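**Q** Any chance you could fold what I've pasted below:
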Amino acid sequence: MTAPSLRGQVFLGAAAVILLTALSLVAVGVVGSVVNPGGPGFLSRTRCVAPNLPGPVVSVSLTNMGGPMMGRPHGMMDGAMRMTANRSAVAHGTVSFLVTNGGTISHELVILRLPDNQIPGTRPIGGDAKIDESGSLGEASNTCADGAGQGILPGASGWVTVTLPPGRYELICNLPGHYAAGMYTQLTVN
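**A** Below is the predicted model of the structure:
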């Protein structure tokens, strides 16, 4: 029997490192989900099922680039986070929002009227790294439930149903630094 070539030894070593890394990540996820349900473990992501929601349903996805980024106040960078909706327009009346957090930190959805002359993403940001949300028409920030709460946990959903008159609306995440990091989108109600 001959000894493996140097190339074969390097390949086997690299394969062993990849396999051990994968096993370690799985172990961390399992331990994290057992020790801290809903916590940072890979397998601890909360799953929930929304009820049948009335009216047209706007599915909103909330994401981030793996957590806080350096370079901005409150540790966020422009564009480091994103909010997207599967629709850009709906008919006026009852509208439901199904909000899913695909990121690694908590997020929320706040619905604000957008004045005709304002561009999404240009609201003034206060010293608390949030925008003024007075006049909000609704909020989905309750993990696996309707309405307001403490934030939608990673991997989970929340929802809200509101009545919207025709106009332009800005959907935002107003947790500190999230709006400045890119968590907003526009919805037109006809």
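
**Q** all contacts plus neighbour counts: C-alpha atoms, from now on.
**A** OK.

**Q** how is the chain carved up into domains?
**A** Domain segmentation of the chain under automatic domain parsing yields 1-44, 57-189.

**Q** quick one: which of these has the weakest pLDDT on average?
**A** Ranked by mean pLDDT, the domains of the chain bottom out at domain 1-44, with a mean of 50.

**Q** residue contacts, residue 131?
**A** Residue 131 is in contact with 123, 124, 125, 174, 179, counting by CA atoms under 8 Å, 6 or more residues apart in numbering.

**Q** hmm, I was thinking of residue 160
**A** Contact analysis of residue 160 by CA under 8 Å, 6+ apart lists 96, 97, 98, 138, 139, 140, 146, 147.

**Q** doesn't it fall inside a helix?
**A** No - under DSSP: H, G, I helix; E, B strand; the rest coil, residue 160 sits outside any helix and is assigned strand.

**Q** For the closest residue to residue 130 other than its chain neighbours, give its distance to residue 128.
**A** Residue nearest to residue 130 in three dimensions, not counting chain neighbours: residue 176, with 5.1 Å by CA to CA, 6 or more residues apart in numbering. Applying CA to CA, to the nearest Å, the value for residue 176 to residue 128 is 7 Å.

**Q** neighbour-wise, which of the two wins?
**A** A side-by-side neighbour count of residue 176 and residue 128, using other CA atoms under 10 Å, places residue 176 first with 20 against 11.

**Q** Name the helix or strand for the more buried one, please.
**A** Assigned by DSSP states H and E, residue 176 falls within no helix or strand.

**Q** can you check the one 5 residues further on too?
**A** Using DSSP H and E, residue 181 is not contained in any helix or strand.

**Q** Mind jotting down where the helices sit in the chain?
**A** Using DSSP state H, the helices of the chain run over residues 6-35.

**Q** ok, back up a step: okay but the residue nearest to residue 130 is in contact with residue 126, surely?
**A** No - between residue 176 and residue 126 there is no contact, the gap being 9.6 Å when judged by CA atoms under 8 Å.

**Q** still on that earlier bit, emit the PyMOL select command for whichever of the contacts of residue 131 are buried.
**A** One line in PyMOL is enough to select the buried ones among the contacts of residue 131; burial here means 16 or more other CA atoms under 10 Å:
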select buried, resi 174+179
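
**Q** The closest residue in space to residue 121 that isn't next to it in sequence and residue 52, how far apart?
**A** Once flanking residues are discounted, residue 121 sits nearest to residue 184: 6.3 Å by CA to CA, 6+ apart. Residue 184 sits 25 Å away from residue 52, going by CA to CA.

**Q** Between the two, which is the more surrounded one?
**A** Using other CA under 10 Å, the more surrounded residue of residue 184 and residue 52 is residue 184, with 25 against 8.
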